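Visitor: The sequence and its predicted three-dimensional model are supplied below.
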Amino acid sequence: MSAPGAEIVPECFRGPDAQALLGAGHTRSLPALSLLCEEGQVTDCFFLVTAGEFVVAKRIAGKLHSLSTFGPGSVLALMPALDGAPCAVSICALNDATVVEINRGSLLALLENDSEPNLWLANSLSLLAIRRLRGATNELAQALYCALQTPDRTGHIDAVRLARIQAGSYAWLGS
């Protein structure tokens, strides 16, 4: 019998690691408008979205800005769950949703076992984090380049764009 949501896993977890990862967590149902993570708070869990949609938002100058939405197959809150740093953004369910919630302790216990599925999992998580960091670095470089191309070299970078870059570098975003 497969874990709930086993058919909906991120693209990066299509090997033997998918079942191990899903088995390390528990399914959590959230009603619409439920807060999954709050900006500035510490979380020790990350989430695999199996149903529903989530909005990722950040406060900028006192106003909440929606940065992106994510649905089934997305990984949310990976870096804060791993490093214990406060959440860079808030994540809220837009509608009734389901996630597989995996806490840091369960993930680390899984990774300590050097079986082949767990090595695949460690590799997949590493590649996911690296891709997101590269994407955020690339987007930041492009934003800086565009800002410096203004005739008087005093261009600015939109605060929402910077927030989206920060969110990407913290691996909050989808797969």
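Guide: Yes, it's here.
Visitor: Quick one: the strands in the chain, in order.
Guide: For the chain, the strands defined by DSSP state E cover 26-30, 35-37, 45-51, 54-60, 63-70, 75-76, 90-93, 97-103.
Visitor: From the contact counts, what lies against the shortest one?
Guide: Secondary-structure packing of strand 75-76 (3 or more C-beta pairs under 8 Å, 6 or more residues apart in numbering; DSSP states H and E): strand 45-51. (Glycine included, C-beta is placed from N, CA and C.)
Visitor: and the strand it packs on, which strands flank it?
Guide: Strand 45-51 has the following sheet partners, assigned by DSSP bridges: strand 75-76 (antiparallel), strand 97-103 (antiparallel).
Visitor: and the angle from that strand to strand 54-60?
Guide: 130 degrees (axes from the mean of the first three to the mean of the last three C-alpha atoms, to 10 degrees).
Visitor: got a list of contacts for strand 45-51?
Guide: Under the criterion C-beta atoms under 8 Å, 6 or more residues apart in numbering, residues 4-5, 8-10, 13, 21-22, 25, 27-28, 36, 70-78, 80-82, 96-104, 107, 174 lie in contact with strand 45-51.
Visitor: Kindly list the longest helix within this structure.
Guide: Using DSSP state H, we find that the single longest helix of the chain is helix 116-148.
Visitor: Would you mind getting the angle between that helix and strand 45-51?
Guide: 90 degrees.
Visitor: Can you pull out the low-pLDDT segments for the chain?
Guide: Applying pLDDT under 70 to the chain flags residues 1-18, 117, 152-155, 164, 166-175.
Visitor: could you redo the last one with a cut-off of 80?
Guide: For the chain, applying pLDDT under 80 flags the ranges 1-22, 110-111, 113-175.
Visitor: can you list the strands paired with strand 45-51 in a markdown table and add distance to residue 135 and mean neighbour count?
Guide: Listed next are these as a markdown table, based on distance: least, C-beta to C-beta, whole Å; neighbours: other C-beta atoms under 10 Å:
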| stretch | distance to residue 135 | mean neighbour count |
| --- | --- | --- |
| strand 75-76 | 14 | 26 |
| strand 97-103 | 22 | 22 |
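Visitor: So which of the ones you listed is nearest residue 139?
Guide: Checking these against residue 139 by C-beta to C-beta gives strand 75-76 as the closest, at 18.4 Å.
Visitor: how far is the closest one from where the chain is centred?
Guide: 3 Å (C-alpha atoms, centre = their mean, to the nearest Å).
Visitor: Use 26 as the first number from now on
Guide: Renumbered: residue one is now 26, and that last one reads strand 100-101.
Visitor: before we move on, back to that, need the winner for burial among the strands of the chain.
Guide: strand 100-101 (a mean of 26; mean count of other C-beta atoms under 10 Å).
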